[in-house]
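>>> Can you look at this prediction? I've put the sequence above it.
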Amino acid sequence: MTRLGREKVGAVIAAAGSSQRMGGVDKIFLSLAGKPLLAHVLAVFQECTMVDQIVIVLNETSLERGQRLVEEGGFSKVIGIWPGGERRQDSVAEGLKRLEGCQWVVIHDGARPCLTLDLIEKGLEEAEQTGAAIAAVPVKETIKIVEAEGTIQNTPRRENLWAAQTPQVFRFDIIREAYRQRKGEATDDASLVEALGYKVRIYMGSYDNIKVTTQDDLALAEIILRERNARRHRL
């Protein structure tokens, strides 16, 4: 990774969601395996030697709490915590504005606490080839395309279907342009880049890299992280 060795990498942690399925409690600060959920994400980015700086985008009501978490956790790579927008894409756009002199950016959902160093590093390696790469996993279940009234329209070939995750990694000029030209709703960052005609590479994510949206997800993340910690201690 000679080119990346000379260029600055920033990370945007998108964590400004409303947590409606958690009863309005900001899930980012819920206790998970002994510390706040967001702290697990920040710890991995802090440890990653390829990442130079981190910007966190939070719900406006959680900014002070986020600042305390950063200070108490010693997350020195965090250069700022900013309020997000109405939609996820608005929050990411806000985070991109705050990065300082970066040539690459890693965008990650703050609600995915089971992130690993390997997922960040693989993303940066893959993104060098086309300027854009995302973590994803092959879909295990059969997927149905359904009409509005509830009847099946068709069944796509499962081997061609992947479930997108984060991290999503981009050359900074590409993702900046994608956000400048964005139109309508975008559920992930890669779709905006695809709309500009860029090739986005897929690399193997992890089925453990779950997004916490419900209490059941939180319980599963607890199991994953505790088992991971137990394996480390056995080594």
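Yep, it's here. These figures come from a predicted structure and were not determined experimentally.
>>> Show the subsequent helix or strand relative to the longest strand seen in the chain.
Secondary structure assigned by DSSP state E gives strand 162-171 as the longest strand of the chain. Per DSSP states H and E, the first helix or strand lying C-terminal to strand 162-171 is helix 172-180.
>>> what comes up buried for that next one?
Counting neighbours by 16 or more other C-beta atoms under 10 Å, one finds that the buried residues in helix 172-180 are Phe172, Ile174, Ile175, Arg176, Glu177, Ala178, Tyr179. In short, each C-beta sits where N, CA and C put it, glycine included.
>>> Which residue is the nearest non-sequential neighbour of the fourth one?
I take that to be Arg176. Leu96 (6.2 Å; C-beta to C-beta, 6 or more residues apart in numbering).
>>> hang on, the one you found is in a helix, isn't it?
Yes: counting by DSSP: H, G, I helix; E, B strand; the rest coil, Leu96 falls inside a helix.
>>> Run a quick check on it versus Val106, I expect a contact.
No: at 11.6 Å, Leu96 does not count as touching Val106 under the criterion of C-beta atoms under 8 Å.
>>> Need the overlap of contacts for these two.
Both Leu96 and Val106 are contacted by Val12, under the criterion C-beta atoms under 8 Å, 6 or more residues apart in numbering.
>>> do you know how far Asp52 is from His108?
According to C-beta to C-beta, to the nearest Å, Asp52 and His108 sit 15 Å apart.
>>> Of these two, which one has the most company?
His108 (26 against 18; other C-beta atoms under 10 Å).
>>> Specify the beta-bridge partners of that one.
Beta-bridge partners of His108, counted by DSSP bridges, are Ile13.
>>> which residues sit in contact with it?
Contacts of His108 (C-beta under 8 Å, 6+ apart): Ala11, Val12, Ile13, Ala14, Val41, Phe45, Leu115, Thr166, Pro167, Gln168.
>>> Try it again at 10 Å.
Residues in contact with His108, defined by C-beta atoms under 10 Å, 6 or more residues apart in numbering, are 11-15, 41, 44-45, 54, 115, 119-120, 123, 135, 165-169, 209.
>>> and if you look at Ala178?
89, 93, 96, 132, 170, 186, 189-196, 198.
>>> With Ile81 instead?
The neighbours of Ile81, taking C-beta under 10 Å, 6+ apart as the test, are 13, 15, 54-58, 62-67, 69-70, 95, 98.
>>> Only whichever of those residues are buried, select them in ChimeraX.
In ChimeraX, a selection of the buried entries from the contacts of Ile81 looks like this (16+ other C-beta under 10 Å):
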select :13,15,54,55,56,57,58,62,63,65,66,69,70,95,98
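>>> List the ones among the contacts of Ile81 that fall in helices.
Taking DSSP state H, the ones among the contacts of Ile81 that sit in helices are Leu63, Glu64, Arg65, Gly66, Gln67, Leu69, Val70, Gly95, Arg98.
>>> Now do the helices in this structure.
37-47, 63-73, 88-98, 117-130, 172-180, 189-195, 215-234.
>>> okay, the ones you listed in a markdown table with distance to Ile202 and mean pLDDT next?
A markdown table is the format used below for these (distance: least, C-beta to C-beta, whole Å; pLDDT from 0 to 100):
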| stretch | distance to Ile202 | mean pLDDT |
| --- | --- | --- |
| helix 37-47 | 21 | 98 |
| helix 63-73 | 31 | 97 |
| helix 88-98 | 20 | 95 |
| helix 117-130 | 8 | 97 |
| helix 172-180 | 16 | 96 |
| helix 189-195 | 9 | 96 |
| helix 215-234 | 22 | 91 |
